[in-house]
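**Q** Just need the structure, nothing else, for what follows:
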Amino acid sequence: MKTALLVGGAVLAAALLFSSVYTVSETEQVILTQFGKPVGGVVAVPGLHVKVPLVQSVHRFEKRWLEYDGSPNEIPTRDKKYIWVDIYARWRIADALRFYQALHDERGAQSRLDDIVDGETRNAVASFDLIEIVRSTNRPFATTGELEGIGEAEAVAKIATGREKIGQQILERAARITPDFGIELVDVRFKRINYTESVQQAVFQRMIAERKRIAERSRSEGQGRAAEIRGQKERDVLAVSSVGYKTAQELKGKADAKATSIYSRAYGRDPSFYEFWKSMETLQTALDKDATVVLSTDSELLKYLKDSKGR
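**A** Residues are numbered from 1 along each chain as shown. Model prediction:
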């Protein structure tokens, strides 16, 4: 019986001893609560620490920078452009005691940041035109000259503030509120900006119509250029053909004149032989081997055939 009591007492003592100490790592800070109320301030020194067993509870909080990733919100700009705005931020627990008293844990902090950061973002976006939120500088950029009607004039407009400074304004205004909750807000930035679905579809349709208009204009200019090239080609072909025809006719005329001269000289030398040769040439040209010819007895062609037989 005594052994059992001793063993039980040792176990209880070990349990009490174990529950009376806790460790703090380099990346965390601790708040002790007693019956739900904080006691002893913030413990931020790494190492082994002592607490009242069974009475005090340990609440651990991060020392490191934490991420806030807000949900996209539909917000109208000053020039009545409805856009989706997605924000992200970096924050840390600067005062763990106040943080615990105001928010209790990180989930409560994320919810509170939703209210603070999203609220300041909505106020800032509604105070500026869309071009101010989209662009950060007045850096010039090249345009094709084909964007008329789909926002070129708006895109190249000069800005006075810009996206980076608007983000800085959101940070400064939100950072004035977060210390009340033990939070230090260090950075707020735009992650994504986009048109709402209805406006986006209208913009896309406008861009498609403009692209079609530009394509039709280019196609029309191409067809006009093609017609011009074809016309020039036809004129060049006619010019070449005309010169060629003229040259051919001149050569033909010279050849005919030379042939006539040869025929004249041949006829002058032996008229009867010339007549005979021309008759034979006519027969050879006009008749083929299967042709049947009926000639009268006084035919000029038959005369030469009869003479040749008689000889």
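**Q** On the secondary structure side, give me the element for K233.
**A** Using DSSP states H and E, the element containing K233 is helix 197-269.
**Q** again but with T137, I slipped
**A** Applying DSSP H and E, one finds T137 in no helix or strand.
**Q** how many neighbours does it have?
**A** 9 (other Cβ atoms under 10 Å). Every C-beta, even on glycine, is put in place using the N, C-alpha and C of the backbone.
**Q** got it, and L130?
**A** So L130, with other Cβ under 10 Å, has 20 neighbours.
**Q** was I right about it contacting V85?
**A** No: using Cβ atoms under 8 Å as the test, L130 is too far from V85 to be in contact (10.9 Å).
**Q** Which residue ranges of this structure form helices?
**A** 2-19, 96-102, 106-125, 130-134, 152-155, 163-175, 197-269, 271-286, 300-310 (DSSP state H).
**Q** quick one, which of these is packed in tightest?
**A** Among these, helix 130-134 has the highest mean neighbour count (mean count of other Cβ atoms under 10 Å), at a mean of 21.
**Q** avg pLDDT for that helix?
**A** Helix 130-134 shows an average pLDDT of 86 in the prediction.
**Q** Start the count at 8 instead of 1 going forward.
**A** Let's use 8 as the start, then, which means that last one is helix 137-141.
**Q** now could you export just the CA positions of it as PDB?
**A** Presented in PDB, the C-alpha positions along helix 137-141 are these (Å, rounded to 0.1, in the frame of the first residue of the first chain):
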ATOM      1  CA  LEU A 137      -8.800  53.800 -62.800                       C
ATOM      2  CA  ILE A 138      -5.700  54.900 -64.700                       C
ATOM      3  CA  GLU A 139      -4.100  56.100 -61.300                       C
ATOM      4  CA  ILE A 140      -4.600  52.600 -59.900                       C
ATOM      5  CA  VAL A 141      -3.300  50.800 -62.900                       C
END
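**Q** Against which helices or strands is it packed?
**A** In terms of contacts (3 or more Cβ pairs under 8 Å, 6 or more residues apart in numbering; DSSP states H and E), helix 137-141 is packed against strand 89-100, helix 170-182, strand 190-202.
**Q** Tabulate the ones you listed in TSV, adding columns for mean pLDDT.
**A** Formatted as TSV, the helices and strands packed on helix 137-141 follow (pLDDT from 0 to 100):
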stretch	mean pLDDT
strand 89-100	91
helix 170-182	92
strand 190-202	90
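**Q** Compile those into TSV and extend it with columns for distance to R232.
**A** Rendered in TSV, the data for the helices and strands packed on helix 137-141 read as follows (distance: least, Cβ to Cβ, whole Å):
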stretch	distance to R232
strand 89-100	42
helix 170-182	44
strand 190-202	38
